[in-house]
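Engineer: Attaching a predicted model along with its sequence, questions to come.
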Amino acid sequence: PYMAIISFDKDTIIEYVPAYGGNRNSDVPCVVRLKFVPYSRVQHYARIISAKTKGLSNNEKVPEIVQEIQKKQFTESVESVSGYFIGDREIADPSEFYETADTDLILELIKAMESQQKLSEGQRKNFERASGGLS
């Protein structure tokens with residue numbers, strides 16, 4: 001009864017089905033193709049933020065810089081999106097998705113890409129197995 005910890009390769013694309021807004025119960029769910037962001041990479045982005053905000057007395061600049069780096073992490077880690085619409089136009093581009101999606105959805109995706117466990121829970125193949133498939 002020993003369990004190994006199996007993680008994701010940082011270059012593997014995972015099809016993630018966000019839980020946001022009941023999406024996992026949808027007949028045609030939004031699916032985000034993304035990469036796992038290991039702790040070392042999270043630290044890398046934190047160091048960029050730290051370097052860019054060092055010595056800034058202008059606190060208004062700090063949130064802008066944090067947002068810029070968070071968007072960089074997001075767009076570097078998300079390959080594409082499907083099943084996400086603005087009106088009747090489907091948005092597949094990670095950058096446009098980041099600019100238009102709800103805060104809670106973006107935060108769920110960032111938490112998922114940084115957490116092997118959350119990523120597994122929302123991984124399309126695991127999700128389909130648990131629900132008996134998306135037919």
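Structural biologist: Sure, I can see it. Numbering: from 1, shown residues only.
Engineer: what helix or strand does the residue nearest the centre of the chain sit in?
Structural biologist: The residue lying closest to the centre of the chain (Cα atoms, centre = their mean) is Leu109, at 2.9 Å. Assigned by DSSP states H and E, Leu109 belongs to helix 103-114.
Engineer: Could I get the average pLDDT for the helix or strand just after that helix?
Structural biologist: Counting by DSSP H and E, the next helix or strand C-terminal to helix 103-114 is helix 116-122. Across helix 116-122, the average pLDDT comes to 91.
Engineer: Any buried residues in helix 116-122, and which?
Structural biologist: Residues of helix 116-122 classed as buried by neighbour count (16 or more other Cβ atoms under 10 Å): Gln116, Lys118, Leu119, Ser120, Glu121, Gly122. In this view, the C-beta of every residue, glycine as well, is placed from N, C-alpha and C.
Engineer: Farthest-apart pair in the residues you listed, please.
Structural biologist: Using Cβ to Cβ, the pair of the buried residues of helix 116-122 lying farthest apart is Gln116 and Gly122, separated by 11.4 Å.
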